[in-house]
Structures are given as structure tokens and as C-alpha cells.
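Peer 1: quick one, structure for this:
(chains A and B)
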Protein chains: 2
Amino acid sequence: MKCTVCKKDAVIKLPRHNLKLCEEHFKEHIIYQTQRVIKHFNMFKKDDVLLLAVSGGKDSLGLWLILKELGFNVKALHIIMPFGKYSEKSLEIVENFAKKLNEDPIYIEANNYLDIDFFKALKIYKKPVCSFCGKIKRYILSTYASRNSYNTIITGHNLDDETAFLLGNVLHWHTEYLKKQGPVLERNQFIPKKVKPLIRITDEEMSFFAKVSKIEYVAERCPYSKDAKSIFFKDILNEIDKYMPGTKSFFYFQYVENIKNNIFMKDTEEPKECKICHYQTYSDDICFLCKIKSKYRG
Amino acid sequence: MKCTVCKKDAVIKLPRHNLKLCEEHFKEHIIYQTQRVIKHFNMFKKDDVLLLAVSGGKDSLGLWLILKELGFNVKALHIIMPFGKYSEKSLEIVENFAKKLNEDPIYIEANNYLDIDFFKALKIYKKPVCSFCGKIKRYILSTYASRNSYNTIITGHNLDDETAFLLGNVLHWHTEYLKKQGPVLERNQFIPKKVKPLIRITDEEMSFFAKVSKIEYVAERCPYSKDAKSIFFKDILNEIDKYMPGTKSFFYFQYVENIKNNIFMKDTEEPKECKICHYQTYSDDICFLCKIKSKYRG
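Peer 2: The predicted structure is shown next:
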């Protein structure tokens, strides 16, 4: 198998793109794909002040490298969660990778920043831990970025993450989530613009990118995520894509480029301002976190 | 395992309904479920003039029996397709079952009724044979019912048929099909009301109903249906339902009872009248069939 570009030995086959690539041209291909997405969706430009959420997984670390290679002015933010050894290892991996990149990320301890105890707050929230953790991290990212004048938040969600989420939301017809899903969430008065430059790259491709880029990353799943729904949906979608090649990607991009705005976004509710912390809130005058905090403190 | 109703030996377990049933009470259960759907969706009443599409498969024959048991005034219509031995066997099975029920169905030869040659017309239509066959059969059913004053057309689509179709349409975002999908399609100026009373019953349950009711049916797939997409989607949905019980049914009923009207039906286009045969048409002034016929005859 020879590389389509340079005719050296190819190391990976990308049937979606009808390409066989060597390590060097595979890396170039991933970087180019990301660049195209950033441009196509008008995500950000060279003079934007960018905040990248870095967990320590293959996607966010890979994306950090890609954005540096592309010459973007990006600051990484790592949120330290209170998940024992798992969180310690994640922090260590981010620190090591930052050294390699000669970067100085921001580190925020979730409990500290929010002035809560995660697990006590979770008991009040009463929903699955992954859902609470995601909400907490989005809160921290959004408020930190706003307060510190970052105009765009970048996350490492890839095609498999996004399609798995879309399928789950469609099967349960979660219209409120469907309205918010996509590669770009425009800023509103409460949160900066949020973008996902890896939405054309699959899990498999990002793993391979990390491998050929010699990125050491956290491969284990968080020990608190008992819920494997997203992995289940990823498998289902890969099964569908194997049977009908291209369906996964079509399902996602047709949704975000046509269906979402033309069908799901009609009569969309505007967010209100939380009376306590000024974050966004949809159902009440007080946001989810301030509601928890008020119960929490009696 | 004992029957939940009579404590005799149970022959089937229905976890969805938390029931174990003997043959007698399983049959009763299926008939009752169908009756509830007919009432809940306001499908038809005792004095409606009903036309039931009967293919010779387990669903349409089972539904015929159920509707007779429930005392509805129903006439069966079997469309004879030009698919050689498969069509001959289907006809024979319908004739035998009609004798058992002491019924006298209507038989319509598709080629004759439409004054076409199916396979020549298919070449002009240029889409998959199953799609053309379905379109042809809907055309015959609708026009025959209208001309002969039947006010409601009944088909034997079950929960698995419907959810497989819904999933396929969502994955490809076929919004025009999504707008028309559901247990009830209200009449318009061109076609009578169309209803699907079996939408709460699964494939497995209908097979078992046919077995305990000693219904001889066509179990083989049509030899012309090379495309196994619907079977693939049925398997996928059963996999999802096994992992998250209730998802298949929720996906369908939430769609038809809420999402369809509130989200997909906004700004729906009204059908126009075909200038030649007066059937409905959406894109042009002439319907799909008359367009084929005009090409067909040069």
C-alpha cells in the first residue's frame, strides 16, 4: 500500500477520502481537514483570542498541536476535576504535553472556582454524574472566557462524539439539545462563541493522529462514567456507516447545515440572565448552579 | 411460566407490557392493543367503509382477522404484482385465507389497472424497485378507494416497519417523508384517509399471532427486493431497544404525537392535482405515473 501523495509506504487507508497515506501526509491531511472546517464554518481567525479546553484526552491534545501548527493564538485551559487518581493523571499529562509545546496553560480547580463540593452538589442535582460534570465544565469555560476577554471557546469534540450525541438526541427527541448542537454555537449576551474544529475527524483518525504525533494522552475512561451510552451510539453509528458508507457524516452535516436552522430553530427561546451569577438560564430566573448552591447552603 | 391472566401455561413473555400469556390471552391481547390504537388515534368507526390492503404477509392477514373479530365492515384488496411465482403464491395464500374467513376480496392486477408494463416503467422511473412498487401500490389503493367510495384505507404496517422507516428518514433527513409518516394520514382532496392499526405491535408479536391463529402466510421476502435496508434498520433498532428498553416505541410515538406536527409540519406544502389523472402531485403539474406513461409511449 503506497501513499497517494508521495508513493512511500502508506500506514493508513481513509476510504471516506479515497486516500492511502504515510505518517507525514496523514498528519498533514488531519491538519488540513481541521483548517478547512475552521474556514468553512467561519469559526475564528488569526487575531481572535482563543481559549481551548484541554482534558488530557487524544482529541483536545491533538487539537492543541494542530492549532499551534496552524499558527493560531490559543491559550489552553485545563479544569481539574475532583476524581482522584484519574484527575491527577490527567493533570500530569496536560502538564507534560504543555512543556513539550513550550506552553503555559491555565489550570482551574472546579471545586475552588465554583466554591462547591462536586459530590455534595451532584446529590442535589440528582442527574447522572456525566451530565453534571459536562454542565459544570461548560459553566467554568464560559464564565472564565467572558471574564478574561477570550472571544471564542474551542473544544475537541470529533465526528463520532457529535453524531453519537445527535443520534441519542433524535431517538429521545430532545429538542432543546438538538437546537444547541452543532460545530458553532454563536455567542449570546452570556457566553462567548463556542466551536468544534474536529467535527470532520473520526475517533479512529484522532487516535492515529495522536500515535503518529507521539502524543501521550489519557486513554482510560473516567472511573465515574458508568454510563456508556455515547460509546454504544458510536458503535451503532459505525455499524450503520459500514452498511451505508457516508451515512454518519451526512446525518450530521445535513443536520447542522440545513435541518437545524430550517426546522428545529424556529421559535427558539432566548436565554435569560441568572439573577445571582449573571450566567444564562432558560427555565427560571436563577441558573442551575446557583439553585444548587442555595439548597446546598440551606 | 404461568399466564398472567388465567394462570394456565404461558407461551410468550411480553416484557414491554410486563405480561406472560397463554395462546388464548395472547390473541386477546393483540386484538385489544389494536382496538386501543384504532380508538386512540381516532382511525375509524363501525360505520366507516374500510378498504384493507392485503399482501399475503403475516401483518395484513393477521390484521384482517383482527378487524373481523372486532366487527368492522372491511373489504380486502389484493394487488397482483408481476413478480412471477412470488406473486402467484401470494395470490393463492390470500385466496385460501379469504375462503377461511368466508370473504370475497377485490383482486387488481397492477399492470392491467394502470395500463403499464411494470418493468418497462421501472426503467423510466430509475429508482429502486421497492420504492417504485410501493408508489404504484399506494397509487392503486388511493385511486381505487376514491373511485369506489371507501373512506379509509388500512395497511398492516407494524411498529418495526414504522420505526425502521423513521430511523432511515431521520439518518438521511428526508423531511418530505418525515412529514407524511405516522399512524394516520388525513384525507386530502385526492386521497382518502390512511391508517395503520398495528403500530403498537412488533414483528415478533405479529409472527407469533399468525402462528397461534394458524394463519398461513408468505414468509419469504420478495425476490425483487435486493435492498435489505429496512431489515438492517429493524435490527439496529432492536439492538438499541435491548440496550435502552422502550427507546424504539418512544422514538416513534414521541415523533408522531409531538415532534411531527410541532416541528416538521410547519409550512407544509399542499398537494396539487395531476392534470392528466387527477391524482396528487407535489413537484409538477403531472404526477409520477403520468410522467412515466408519457415517456413510455414516446
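
Peer 1: what sits against residue A:1?
Peer 2: Residue A:1 sits next to A:9-10, A:13, A:20 when contact means C-beta atoms under 8 Å, 6 or more residues apart in numbering or on different chains. (Each C-beta comes from the backbone N, C-alpha and C, glycine too.)

Peer 1: secondary structure, distance to residue A:28 and neighbour count added to those residues, as CSV?
Peer 2: Shown next, in CSV, are the contacts of residue A:1 (DSSP: H, G, I helix; E, B strand; the rest coil; distance: C-beta to C-beta, whole Å; neighbours: other C-beta atoms under 10 Å in any protein chain shown):
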residue, secondary structure, distance to residue A:28, neighbour count
A:9, strand, 16, 11
A:10, coil, 13, 20
A:13, strand, 16, 13
A:20, strand, 14, 19
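
Peer 1: list just the nearest of the residues you listed to chain B.
Peer 2: residue A:13 (24.2 Å; C-beta to the nearest C-beta).

Peer 1: would you mind measuring from residue A:174 to chain B?
Peer 2: Computed as C-beta to the nearest C-beta, to the nearest Å, the residue A:174 to chain B distance reads 10 Å.

Peer 1: er, residue A:160 actually
Peer 2: 15 Å.

Peer 1: might one say that that residue is in contact with residue A:231?
Peer 2: No - judged on C-beta atoms under 8 Å, residue A:160 makes no contact with residue A:231 at a distance of 9.5 Å.

Peer 1: neighbour-wise, which of these two wins?
Peer 2: residue A:160 (27 against 14; other C-beta atoms under 10 Å in any protein chain shown).

Peer 1: which SS state does that one fall under?
Peer 2: Here residue A:160 is helix, with the state taken from DSSP: H, G, I helix; E, B strand; the rest coil.

Peer 1: skipping adjacent residues, who's closest to it in space?
Peer 2: Computed as C-beta to C-beta, 6 or more residues apart in numbering or on different chains, the closest residue to residue A:160 that is not its neighbour in sequence is residue A:203, at 4.2 Å.

Peer 1: what about the one you found, neighbour count?
Peer 2: 17.

Peer 1: now swap in residue A:187 and tell me
Peer 2: Residue A:187 has 16 nearby residues by other C-beta under 10 Å.

Peer 1: residue A:285 now?
Peer 2: Neighbour count of residue A:285, defined by other C-beta under 10 Å: 12.

Peer 1: that one reaches residue A:277, doesn't it?
Peer 2: No - taking C-beta under 8 Å as the definition, residue A:285 is not a contact partner of residue A:277, at 11.7 Å.

Peer 1: which ones are touching residue A:33?
Peer 2: Residue A:33 sits next to A:200-201 when contact means C-beta under 8 Å, 6+ apart.

Peer 1: how about the CA coordinates for the host helix or strand of it, as PDB?
Peer 2: Take DSSP states H and E as the rule and residue A:33 turns out to sit in helix A:23-40. What follows is helix A:23-40, C-alpha atoms only, in PDB (Å, rounded to 0.1, in the frame of the first residue of the first chain):
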ATOM      1  CA  GLU A  23       2.600   9.100   8.600                       C
ATOM      2  CA  GLU A  24       3.800  12.500   7.300                       C
ATOM      3  CA  HIS A  25       0.900  13.000   4.900                       C
ATOM      4  CA  PHE A  26      -1.600  11.700   7.300                       C
ATOM      5  CA  LYS A  27      -0.600  14.300   9.800                       C
ATOM      6  CA  GLU A  28      -0.800  17.000   7.000                       C
ATOM      7  CA  HIS A  29      -4.200  15.700   6.000                       C
ATOM      8  CA  ILE A  30      -5.700  16.000   9.500                       C
ATOM      9  CA  ILE A  31      -4.300  19.500   9.900                       C
ATOM     10  CA  TYR A  32      -5.600  20.500   6.500                       C
ATOM     11  CA  GLN A  33      -9.100  19.000   7.300                       C
ATOM     12  CA  THR A  34      -9.200  21.000  10.500                       C
ATOM     13  CA  GLN A  35      -8.100  24.100   8.800                       C
ATOM     14  CA  ARG A  36     -10.900  23.700   6.200                       C
ATOM     15  CA  VAL A  37     -13.500  23.200   8.900                       C
ATOM     16  CA  ILE A  38     -12.300  26.400  10.700                       C
ATOM     17  CA  LYS A  39     -12.700  28.300   7.500                       C
ATOM     18  CA  HIS A  40     -15.900  26.700   6.200                       C
END
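
Peer 1: the lengthiest strand in chain A pairs with which strands, and in what direction?
Peer 2: Scanning chain A for the strand with the most residues, using DSSP state E, yields strand A:74-80. Paired strands of strand A:74-80, with direction, are strand A:50-53 (parallel), strand A:106-109 (parallel) (DSSP bridges).

Peer 1: what about residue A:60, how many neighbours?
Peer 2: By other C-beta under 10 Å, neighbour count at residue A:60 equals 24.

Peer 1: quickly note the distance from the spatially closest residue to it that is not a sequence neighbour to residue B:173.
Peer 2: In space, and not counting its chain neighbours, residue A:60 is closest to residue A:156: 3.8 Å by C-beta to C-beta, 6+ apart. Taking C-beta to C-beta, to the nearest Å as the measure, residue A:156 falls 26 Å from residue B:173.

Peer 1: the two: which is more packed in?
Peer 2: residue A:156 (23 against 16).

Peer 1: how about that one, what does it touch?
Peer 2: With C-beta under 8 Å, 6+ apart, residue A:156 has these contacts: A:52-55, A:57, A:59-60, A:62-63, A:196, A:198.

Peer 1: repeat that for 6 Å
Peer 2: By C-beta atoms under 6 Å, 6 or more residues apart in numbering or on different chains, residue A:156 lies in contact with A:59-60, A:63, A:198.
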